[in-house]
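*Asks:* Provided below are the primary sequence and the corresponding predicted coordinates.
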Amino acid sequence: MPFKWSLNPYKGCVHGCHYCYARRYHNFLGLDAGQDFQSVIFVKANLPHVLRRELRRTSWVGEEVAIGTATDPYQPIEGRYRLTRRCLEAFADHSNPVSLVTKGTLIVRDIDVLSDLAKRVGCTVCFSITTLDRERWQQLEPGTPPPHQRLRAMEKLVRSGVRAGVLLSPVLPGITDDRVGLERIVRSAADHGAQFLGTRILYLQPGTREHFLGFLKSEYPALLAEYQRLYPGSYTPKRFQERIRNNVQRLKEEHGLRDRPAPPPRVLQPLLMEP
């Protein structure tokens, strides 16, 4: 993972993506990685308070923190609890750079604080998109906003000065790895001003693996044997991963989508220090 520090305001996710690697974490709590994961949501209610306390530590040197690395920080429950918003405000008050990963279009609510962070110390937002095919989207990610709405949200952030792009992830063998589907995502990302596009291949760890193979048996039974061959462990063979990444890279070049590196963070004095 390309980060050292991460923060997740919620555990569990109503988006219900069948491939989500965070499903396995519900098993650690004695809960089911299937229905429980998308219906039993844990809210870390005191997170903003604890975060501000940690940011005040003299040992903290202002490193970038990744938000939403396990479950989505902008799933619908954020509209009620505003934990992600309050955490962003804490990072802004302490001039601390952040990055976020989300499928949630609720993020546009926080354009003010995100653009402030982007201008002063750095802010990157990754919009996760798996497919633009309507039927497959509804099968794979039944509780998420439509992918085209995510692209429009990304475009709004880019226009406001936030470094935002697409995480084409996960690529699902035999389901979303065809050239036509991949090209639709790359082309649409470029058309909506994506400042970068990254790719990751599906991986299946215990907990998530059992749930996803059950999903395949129900929705894509012809692929079940192939997945069992492709995934003797958690990952597909490196040769398969390289082929997908090379295909995506060629598509990016064809559509003029060049990754714009994040500017080096500028560490500033906090605007507000709590006693």
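*Replies:* Received it, and whenever you're ready, just let me know what you need.
*Asks:* I figured G79 was touching L106, is that so?
*Replies:* Yes. Counting by C-beta atoms under 8 Å, L106 is a contact partner of G79 at 6.1 Å. Just so you know, the C-beta spots here come from the backbone N, C-alpha and C atoms, and that holds for glycine as well.
*Asks:* neighbour-wise, which of those two wins?
*Replies:* A count of neighbours by other C-beta atoms under 10 Å puts L106 above the other of G79 and L106, at 19 against 12.
*Asks:* could you report the pLDDT at the more buried one?
*Replies:* In this model, L106 is scored at 98, pLDDT.
*Asks:* pretty sure it belongs to a strand, no?
*Replies:* No. L106: not assigned to a strand; according to DSSP: H, G, I helix; E, B strand; the rest coil it is helix.
*Asks:* not counting its neighbours along the chain, what's nearest it?
*Replies:* With sequence-adjacent residues excluded and distances taken as C-beta to C-beta, 6 or more residues apart in numbering, L106 is closest to Y74, at 4.4 Å.
*Asks:* where do the helices sit along the chain?
*Replies:* 23-27, 35-39, 47-55, 78-81, 83-93, 111-120, 134-140, 147-159, 179-191, 208-219, 224-230, 238-254 (DSSP state H).
*Asks:* nearest to P173 among the ones you listed would be which one?
*Replies:* helix 224-230 (5.8 Å; C-beta to C-beta).
*Asks:* who does that closest one touch, helix- and strand-wise?
*Replies:* Helix 224-230 sits against helix 208-219, with contacts defined as 3 or more C-beta pairs under 8 Å, 6 or more residues apart in numbering; DSSP states H and E.
*Asks:* ok, W5 touching E64?
*Replies:* Yes. Using C-beta under 8 Å, W5 makes contact with E64 at a distance of 7.2 Å.
*Asks:* ok, the residue nearest to L106 - how many residues close by?
*Replies:* 27.
*Asks:* how much space separates it from R150?
*Replies:* According to C-beta to C-beta, to the nearest Å, Y74 stands 10 Å off from R150.
*Asks:* now do the shared contacts for those two.
*Replies:* K103, T105 (C-beta atoms under 8 Å, 6 or more residues apart in numbering).
*Asks:* kindly provide the distance from the closest residue to H148 other than its chain neighbours to H26.
*Replies:* In space, and not counting its chain neighbours, H148 is closest to L132: 7.1 Å by C-beta to C-beta, 6+ apart. L132 sits at a distance of 29 Å from H26 (criterion: C-beta to C-beta).
*Asks:* what about the two, which has more around it?
*Replies:* Taking neighbours as other C-beta under 10 Å, L132 and H26 compare with H26 leading, 24 against 20.
*Asks:* and that one, what does it touch?
*Replies:* K11, G12, D32, A33, D36, F37, V40, G207.
*Asks:* burial of L31, as a residue count?
*Replies:* Neighbours of L31 under the rule other C-beta under 10 Å: 18.
*Asks:* what sits against it?
*Replies:* Residues in contact with L31 (C-beta under 8 Å, 6+ apart) are F37, V40.
*Asks:* how far away is it from R23?
*Replies:* With C-beta to C-beta as the criterion, L31 and R23 are 10 Å apart.
*Asks:* R52 now?
*Replies:* Taking C-beta to C-beta as the measure, R52 falls 31 Å from R23.
*Asks:* of the two, who's got more company?
*Replies:* When R52 and R23 are compared for neighbours, R23 comes out ahead with 28 against 19, by other C-beta under 10 Å.
*Asks:* confirm for me that the more buried one is in contact with Q205.
*Replies:* No. Between R23 and Q205 there is no contact under C-beta under 8 Å: 9.2 Å.
*Asks:* could you list the low-pLDDT ranges of the stretch 101-250 of the chain?
*Replies:* The stretch 101-250 of the chain contains no residues with pLDDT under 70.
*Asks:* and for F91, nearest residue in space, chain neighbours not counted?
*Replies:* That would be V98: by C-beta to C-beta, 6+ apart, it lies 5.1 Å from F91.
*Asks:* what sits against the one you found?
*Replies:* Contact analysis of V98 by C-beta under 8 Å, 6+ apart lists E64, V65, A66, I67, L88, F91, L117, G122, C123, T124.
*Asks:* burial count for the residue nearest to the fourth one when sequence neighbours are not counted?
*Replies:* So the one you mean is I67. Once flanking residues are discounted, I67 sits nearest to L100: 4.6 Å by C-beta to C-beta, 6+ apart. Neighbourhood size, L100 [other C-beta under 10 Å]: 27.
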